[in-house]
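K.L.:
need coordinates for the below:
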Amino acid sequence: MKNASNYPLLMAELKKILKRKKIKYSDLALELDMSESSIKRLMSADDGSLSKIEAICEAVGINFFDLALLAKEDKPRNFYLTKEQDAFFAKNTHYFYFFTLIYEEFYSLSQIKKKYKLTEKSMMKYLKKLEDLEMLERHPNNKIKWLIQGSTALPELTGLGKHLMRTSMRNFSDLILTDGALEKELKGKEGSFRISELYLKKETVKRYRMELDELAEKYAKESDREERIYGKNELELYTTLVSVLPMGLYSEDIPNLS
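P.N.:
Numbering: from 1, shown residues only. Predicted coordinates:
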């Protein structure tokens, strides 16, 4: 592949994949029957052959066309609800949660049925409605073909968006206020929670917000890449809560002292 502008992009993406999969150059050299120094030269070159890239892709378990897509794409893939879908889910939020479990969190139908003690009739009603909303096709033996792609995204704070925010914040509040609950959830995992009160000029806060937006966009792209490389079943679900509010959230009544 003689294209000096594209080859470094492909190699840069391959390096990220190697790092995520914890594959060393020495491992790759052994797999490809090459010296480690040759691998290093190949990965840092400005140009190279298609056959070498394909060989590395095969060794790390990724399709070449997926690699090219990852290297080219600037924005994460998102699936946006239609107005009809959003309006229905806003009024019937339990349907949206059912959809989230099977689409976003990879619950099987049997797992949902058992966990929530659903009847077969109820299961079919949920699936039928998602089919009516043109989100999936039902096939024999409860096989599902999704008609949508990408992670679910809400373009604005719609009725459903407000419900999700209220529910998430209520659950988060319970987690924080229940003694030991947050510590239990974080035990042995990467994660943190921090509340800070800062005294800053407006210009500084503006810069802070811009940097947070850039950071959020950066890791949204990382999330999209890792999902396509590894699949959600190999990844951990994380929730990020970031806010910059011109107010203090801490307040208490000050009673008279006896």
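K.L.:
give me the pLDDT value at Thr93.
P.N.:
In this model, Thr93 is scored at 93, pLDDT.
K.L.:
repeat for Ser49
P.N.:
83.
K.L.:
and Leu200, by the same measure?
P.N.:
pLDDT, Leu200: 92.
K.L.:
before we move on, what about Ala216?
P.N.:
89.
K.L.:
and for Ala12?
P.N.:
pLDDT, read off for Ala12, is 86.
K.L.:
I'd assumed it was in a helix, is it?
P.N.:
Yes - according to DSSP: H, G, I helix; E, B strand; the rest coil, Ala12 belongs to a helix.
K.L.:
how about it, nearest residue that isn't a chain neighbour?
P.N.:
Spatial nearest neighbour of Ala12, excluding adjacent residues (CB to CB, 6 or more residues apart in numbering): Ala71 at 7.2 Å. (Glycine included, C-beta is placed from N, CA and C.)
K.L.:
that neighbour reaches Lys15, doesn't it?
P.N.:
No - in this structure, Ala71 is not within contact of Lys15 by CB atoms under 8 Å, at 11.1 Å.
K.L.:
more neighbours, these two?
P.N.:
Neighbours around Ala71 and Lys15, counted as other CB atoms under 10 Å, are more numerous at Ala71. The numbers are 18 against 13.
K.L.:
whichever strand or helix holds the more buried one packs against which elements?
P.N.:
In this structure, Ala71 is located in helix 64-72 according to DSSP states H and E. With contacts defined as 3 or more CB pairs under 8 Å, 6 or more residues apart in numbering; DSSP states H and E, the packing partners of helix 64-72 are helix 7-20, helix 50-60, helix 202-230.
K.L.:
out of the ones you listed, which comes closest to Tyr103?
P.N.:
Counting by CB to CB, Tyr103 lies closest to helix 202-230 out of those; the figure is 12.8 Å.
K.L.:
now the closest one: how far from the chain's centre is it?
P.N.:
Centroid separation for helix 202-230 versus its chain: 12 Å, with CA atoms, centre = their mean, to the nearest Å.
K.L.:
and that helix with helix 50-60, angle?
P.N.:
90 degrees (axes from the mean of the first three to the mean of the last three CA atoms, to 10 degrees).
K.L.:
now do the buried residues in helix 202-230.
P.N.:
For helix 202-230, the neighbour count (16 or more other CB atoms under 10 Å) marks Ala220, Asp224, Arg225, Glu226, Glu227, Arg228, Ile229 as buried.
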